[in-house]
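Chemist: Kindly return the folded structure for what I paste below:
(one chain, ligands or ions: 1)
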Amino acid sequence: MTASAGRHIVVLTGAGISKESGLSTFRDADGIWAEVRIEDVATPDAFARDPAGVHQFYNTRRRRLAGGDIRPNAAHVALANLERAWPANVTVVTQNIDDLHERAGSRNLVHMHGELLKVRCSACGAVVPCTDSVGTEELCGECGTKGAIRPHVVWFGEMPLELDRIDAALDACATFVSIGTSGNVYPAAGFVDRVRSRSHVHAVELNLEPSEGAGRFGETVYGPATEVVPAFVARLLGALG
Ligand code: BV8
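Modeler: The predicted model follows:
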């Protein structure tokens, strides 16, 4: 354990941290990409080609997330506790578009791939909360444009959000923890390389199984997030003395 008190922590999370809350991952055998193709639902071309089909893909996920029976799990709660108790910054950078980190109490949170419970107007850029279905006939409440509403989600080939804020946090951290991600999607999968380029940074992988980038971590702990994340946070906070 090299994370010392008073040193900043960055936590990257992926779909695996929300699996035990009942949300699907992407690349597991029962994952989303086993049901639909990225090219058909998660690229700008897909939306241009079939906006109704892409809206349906996100409407189904949005209604399920907002439906009331999906709740944060012990891993989300442990990270919120770490943020409250740690004597330096804890920044959670999530690839996930669910709202489970914020509902668990995380505040210093970056949704680099957007948020399922928000939609954006392609005409004026307004981003507004949404917990229901949207379609191709939607009117923008800000500019009145019809048919310009899209999910506030970063598709493949689009620029992830708040990269400057993420890079600043990565360049200032002493500990980088990757949780519940397969390490397939960039630039998130490259964050571990960015921190490893600095000496004295401790990189940790907490996952169900080794990710694509497992060999780039100084410490790895495998198991379900609801077990390994609370245990890891307890060790960090216990070491504060
Ligand atoms: C970009 C929102 C330029 C949508 C997502 C070739 C052509 C075109 C592009 C590329 C290319 N090569 C590389 C790229 C870039 C591309 C990319 O990486 N493609 C991959 C497929 C090769 N990336 C992009 O296009 C990105 N933009 O590059 O812009 C740029 C470049 C540099 C700098 C700036 C800009 C945009 C990518 C964002 C796409 N949008 N999501 C939606 O959600 O519908 S990505 C999608 O994948 C989700 O965000 C998801 O979070 C993310 C990563 O997946 P994971 O979270 O890791 O989920 P996965 O299922 O894969 O793994 C789950 C893990 O959990 C597993 O390891 C499993 O073992 C574990 N697990 C399971 N259960 C548990 C568990 N762990 C713990 N406990 C459990 N119970």
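Chemist: So what would you say the end-to-end distance of stretch 83-101 is?
Modeler: One end of stretch 83-101 to the other measures 11 Å (Cα to Cα, to the nearest Å).
Chemist: List the buried residues for it?
Modeler: Of the residues in stretch 83-101, those buried by neighbour count under the rule 16 or more other Cβ atoms under 10 Å are 83, 86, 90-101. All C-beta spots, glycine's among them, are computed from the backbone N, C-alpha and C.
Chemist: Adding pLDDT, secondary structure and distance to the ligand as columns, could you present those residues in TSV?
Modeler: Converted to TSV, the buried residues of stretch 83-101 look like this (pLDDT from 0 to 100; DSSP: H, G, I helix; E, B strand; the rest coil; distance: Cβ to the nearest ligand atom, whole Å):
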residue	pLDDT	secondary structure	distance to the ligand
83	98	helix	19
86	97	coil	21
90	98	strand	19
91	98	strand	17
92	99	strand	13
93	99	strand	11
94	99	strand	8
95	98	coil	3
96	98	coil	5
97	98	coil	5
98	98	coil	9
99	98	coil	13
100	98	helix	13
101	98	helix	13
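Chemist: Show me what from this protein comes close to the ligand.
Modeler: Residues of the chain found near the ligand (Cβ under 6 Å from any ligand atom) are 14-16, 19-20, 25-28, 31, 42, 95-97, 113, 153-160, 163, 180-182, 184-187, 207-209, 211, 224-225.
Chemist: Give me the helices and strands touching the helix or strand that contains residue 81, please.
Modeler: Residue 81 belongs to helix 74-85 when assigned by DSSP states H and E. Here helix 74-85 touches strand 9-13, strand 90-94, helix 100-104, helix 225-238, going by 3 or more Cβ pairs under 8 Å, 6 or more residues apart in numbering; DSSP states H and E.
Chemist: The same query, at a cut-off of 6 Å, please.
Modeler: If contacts are counted by 3 or more Cβ pairs under 6 Å, 6 or more residues apart in numbering; DSSP states H and E, helix 74-85 sits against strand 90-94, helix 100-104, helix 225-238.
Chemist: winner for burial among those?
Modeler: Compared across the helices and strands packed on helix 74-85, strand 90-94 shows the largest average neighbour count, a mean of 26 (mean count of other Cβ atoms under 10 Å).
Chemist: Return that strand as CSV; C-alpha atoms alone will do.
Modeler: C-alpha atoms of strand 90-94 as CSV (Å, rounded to 0.1, in the frame of the first residue of the first chain):
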residue,chain,number,x,y,z
VAL,A,90,-10.7,12.0,-4.9
THR,A,91,-11.8,12.4,-8.5
VAL,A,92,-14.1,9.8,-10.0
VAL,A,93,-13.9,9.7,-13.8
THR,A,94,-16.6,7.4,-15.1
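Chemist: How far does it sit from its chain's centre?
Modeler: Averaged C-alpha coordinates place strand 90-94 at 9 Å from its chain's average position (Cα atoms, centre = their mean, to the nearest Å).
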